[in-house]
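K.L.:
Got a predicted structure here, sequence first:
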Amino acid sequence: MPAGIAGIILAGGRSARMGGIDKAFVQLAGRPLIAHAVARLAPQVSMLAISANGPPESYATQGLLVVADTVRGSAGPLAGILAGMTWARDRAPGVTRIATVAVDTPFFPDDLVACLAVAVGSGDVAIAGSRGRAHPTFALLPLDLADDLAAFLAAGGSRRARDWLARHDPAIVDFDDGPDGLDPFFNINTPSDLAAIAGCAGPRLGES
């Protein structure tokens, strides 16, 4: 595992297309999506926190700190990224970078962080890609960009993660499909998405 990297699970979305149900607690292969994200990311980082805006007690079974957004309004994933950076910078001695993942993407690679870390220097930004697309919520970010991100959000312009990341010339690390042909960054936005991958979820998640 690369040293000095904290993991942040981004779970603060509004889940509008899931009928308002918090996607972190949508069940897949008998467990909530948040549990799958924790199980997959925890071995890759030195410590782990959840960025979410729901009641912290909802996540008590995961045994992890919940970091809430501090940016007013709907700032999307960038608000969660900033909250994670600020927490790691102020409360996590020895951590110099964060690795972020989205809670609704249960099959992300189990070598994600290592591959991102190998691709760049300690002060650079790396993001994951697959099938010719970049996935800006799957990123490795140095903590010294926290002030820049705070200023970007305070400016009141774009709040798209890819627009802020583009300012920092990120390396894009491409990941192949799995043996079953599934994009490792397939994300669950709707009930139909959930139904589409229900059959292959068990083997993909290492379960029978």
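P.N.:
Alright, I've got the coordinates. Numbers count the residues shown, from 1 in each chain.

K.L.:
May I have the strand or helix carrying Cys200 exported as PDB, CA atoms only?
P.N.:
Assigned by DSSP states H and E, Cys200 falls within helix 191-204. Extracted in PDB, the C-alpha atoms of helix 191-204 (Å, rounded to 0.1, in the frame of the first residue of the first chain):
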ATOM      1  CA  PRO A 191     -33.000   0.900 -10.100                       C
ATOM      2  CA  SER A 192     -32.500  -0.400 -13.700                       C
ATOM      3  CA  ASP A 193     -28.700   0.000 -13.200                       C
ATOM      4  CA  LEU A 194     -29.000  -2.100 -10.100                       C
ATOM      5  CA  ALA A 195     -31.000  -4.800 -11.800                       C
ATOM      6  CA  ALA A 196     -28.600  -4.900 -14.700                       C
ATOM      7  CA  ILE A 197     -25.600  -5.900 -12.600                       C
ATOM      8  CA  ALA A 198     -27.400  -8.000  -9.900                       C
ATOM      9  CA  GLY A 199     -26.500 -11.300 -11.600                       C
ATOM     10  CA  CYS A 200     -22.800 -10.700 -11.800                       C
ATOM     11  CA  ALA A 201     -22.400  -8.800  -8.600                       C
ATOM     12  CA  GLY A 202     -21.600 -11.800  -6.300                       C
ATOM     13  CA  PRO A 203     -18.600 -13.100  -8.400                       C
ATOM     14  CA  ARG A 204     -17.400  -9.600  -9.000                       C
END
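
K.L.:
quick one: the helices in this protein?
P.N.:
Counting by DSSP state H, the chain has helices at residues 33-41, 77-91, 112-119, 146-154, 161-166, 191-204.

K.L.:
Could you tell me the angle between the last one and helix 33-41?
P.N.:
In other words, helix 191-204. 40 degrees (axes from the mean of the first three to the mean of the last three C-alpha atoms, to 10 degrees).

K.L.:
next one: the longest one
P.N.:
Here helix 77-91 points in a direction 60 degrees away from that of helix 33-41 (the same axes, to 10 degrees).

K.L.:
and the angle from helix 77-91 to helix 146-154?
P.N.:
Using the same axes, to 10 degrees: helix 77-91 against helix 146-154 is 150 degrees.

K.L.:
Show me what helix 77-91 is packed against.
P.N.:
Contact partners of helix 77-91 among helices and strands, from 3 or more C-beta pairs under 8 Å, 6 or more residues apart in numbering; DSSP states H and E: strand 5-10, strand 47-51, strand 65-67, strand 97-102, strand 133-142, helix 146-154, helix 161-166. (Each C-beta comes from the backbone N, C-alpha and C, glycine too.)

K.L.:
With respect to Gly80, which of the ones you listed lies nearest?
P.N.:
strand 47-51 (3.6 Å; C-beta to C-beta).

K.L.:
now that closest one, how far from the chain's geometric center?
P.N.:
Relative to its chain's centre, strand 47-51 lies at 10 Å (C-alpha atoms, centre = their mean, to the nearest Å).

K.L.:
Point to the residue nearest the middle of the protein.
P.N.:
Compute the mean C-alpha point of the chain, and by C-alpha atoms, centre = their mean the closest residue is Val101, 1.5 Å away.
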